[in-house]
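Engineer: Build the 3D model from these lines:
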Amino acid sequence: MRQNGPLALIFHTIFVIVMAAPILVVCLVAFTPEGFLSLPTNGFSLRWFRTILNYPEFIHAFWVSLGLGALSSFVSLLFAVPAALAIARYRFRGRDALAALFLSPLMIPHVVLGIAFLRFFTSAGLGGSFAALIIAHVIIVFPFALRLTLAAATGMDRTVEMAAVSLGAGGWTLFRRVTLPLILPGVISGWALAFIQSFDDLTMTVFLAAPGTETLPVRMFLYIQDNIDPLVTSVSACVIAITMTALILLDRFYGLDRVLAGKGDTGR
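Structural biologist: Residues are numbered from 1 along each chain as shown. Model (predicted):
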């Protein structure tokens, strides 16, 4: 195998530093004992992590974001899986137009979507409701779930399904025992990408959220409008720590390569 040269290693090192530096700075500032954003700091303290407990709005917003992301990404998969299988397997009139329609939310700025959703849900009497947030998030995360599921469905070996049918497998059995396991890496990756997009969205959600349905990014955005203390950095550090812990546990007990690439046990 050809090894990377010195220039490639330097480029990769600079790339990793540029990507990781903002995360490292946020985590370092979160431990400052000062009452303002300070780096370098005179010492390290858990002051701002303890302060989070004095703001239950952040804790509530975290659970709202978690539930919204999990539910919207799951619902988007319920539509993405059959849509991906239909687009990958069949040739019909309007197929390309339908695929473009499904992916169209990627081409519309979230500010425009937020204003449009605000007017629509207000007219429908759903303004500020959690149901409106779910519907809006399903629409914006659906393309992410569809693209990865479609990639898995396009590369699927159809001969395995044909063999199952020849052995007498019915439609539901065929999907549950053969088709779904074959596209499962794409489905899981699509769910994860959709969840991240939903959890992290601010530009559109800020138009739809109301007191009681504020997500964590919206709550943080509203807080920094009136405050400049390191509380938001401590909240961000907690989210980063939770994410890293979840990835480590997933890799330890299941394997990230199996989730993202569908690879089996390489030791066999």
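
Engineer: When you work out contacts or count neighbours from here on, use the C-alpha atoms and nothing else.
Structural biologist: Will do.

Engineer: Name the SS class of the closest residue to Asp229 other than its chain neighbours, please.
Structural biologist: Counting by CA to CA, 6 or more residues apart in numbering, Phe36 is the residue found nearest to Asp229 once chain neighbours are left out, at 4.6 Å. Here Phe36 is recorded as coil under DSSP: H, G, I helix; E, B strand; the rest coil.

Engineer: and Phe36, what is it in contact with?
Structural biologist: Applying CA atoms under 8 Å, 6 or more residues apart in numbering to Phe36 gives the contacts Ile228, Asp229, Pro230.

Engineer: Quick check on it: phi, psi?
Structural biologist: Backbone torsions for Phe36, taken as degrees, to the nearest 10, come to phi -150, psi 170.

Engineer: likewise the one 5 residues further on?
Structural biologist: In this entry, Thr41 is assigned phi and psi values of phi -110, psi 160 (degrees, to the nearest 10).

Engineer: Look at it and say how many residues are nearby.
Structural biologist: Neighbourhood size, Thr41 [other CA atoms under 10 Å]: 13.

Engineer: Equivalent analysis for Pro211, please.
Structural biologist: Pro211 has 11 nearby residues by other CA under 10 Å.

Engineer: same for the helix or strand where Ser72 lies, what does it pack against?
Structural biologist: If you go by DSSP states H and E, Ser72 is part of helix 56-89. Helices and strands touching helix 56-89, as assessed by 3 or more CA pairs under 8 Å, 6 or more residues apart in numbering; DSSP states H and E, comprise helix 130-154, helix 180-200, helix 216-226.

Engineer: ok, of the contacts of Phe36, which one's closest to Ser72?
Structural biologist: Minimum distance to Ser72 across the contacts of Phe36 is 30.8 Å, recorded for Pro230 (CA to CA).

Engineer: And the residue lying closest to that closest one once chain neighbours are set aside, how far from Val26?
Structural biologist: The shortest distance from Pro230 to any non-neighbouring residue, by CA to CA, 6+ apart, is to Leu37 (5.5 Å). For Leu37, the distance to Val26 equals 10 Å [CA to CA, to the nearest Å].

Engineer: Of the two, give the one with the bigger neighbour count.
Structural biologist: Ranked by neighbour count (other CA under 10 Å), Leu37 and Val26 place Val26 first, with 20 against 17.

Engineer: which ones are touching the more buried one?
Structural biologist: Counting by CA under 8 Å, 6+ apart, Val26 touches Thr233, Ser234, Ser236, Ala237.

Engineer: repeat that for 7 Å
Structural biologist: By CA atoms under 7 Å, 6 or more residues apart in numbering, the contact list for Val26 reads Thr233, Ala237.

Engineer: one step back: Asp229 is in contact with the residue nearest to Pro230, correct?
Structural biologist: Yes - counting by CA atoms under 7 Å, Asp229 is a contact partner of Leu37 at 5.9 Å.

Engineer: which one is the residue nearest the centre of the chain nearest to, not counting chain neighbours?
Structural biologist: Closest to where the C-alpha atoms of the chain average out (CA atoms, centre = their mean) is Ile196, at 1.5 Å. Take Ile196 and drop its neighbours on the chain: the residue closest to it by CA to CA, 6+ apart is Gly69, 7.3 Å away.

Engineer: quick one, what contacts that neighbour?
Structural biologist: If a contact means CA under 7 Å, 6+ apart, then Gly69 has Phe195, Ser198, Phe199 as its contacts.

Engineer: ok, now how distant is it from Leu113?
Structural biologist: 18 Å.

Engineer: Next: Ala145.
Structural biologist: Separation of Ala145 from Leu113 (CA to CA) stands at 19 Å.

Engineer: So between the two, which is more surrounded?
Structural biologist: Between Ala145 and Leu113, counted using other CA under 10 Å, the more crowded position is Ala145 (30 against 19).

Engineer: Top of the contacts of Phe36 by number of neighbours, please.
Structural biologist: Neighbour max across the contacts of Phe36 (other CA under 10 Å) = Pro230, 25 neighbours.

Engineer: Pretty sure it sits against Ala30.
Structural biologist: Yes - counting by CA under 7 Å, Pro230 sits close enough to Ala30 to count as a contact (6.0 Å).
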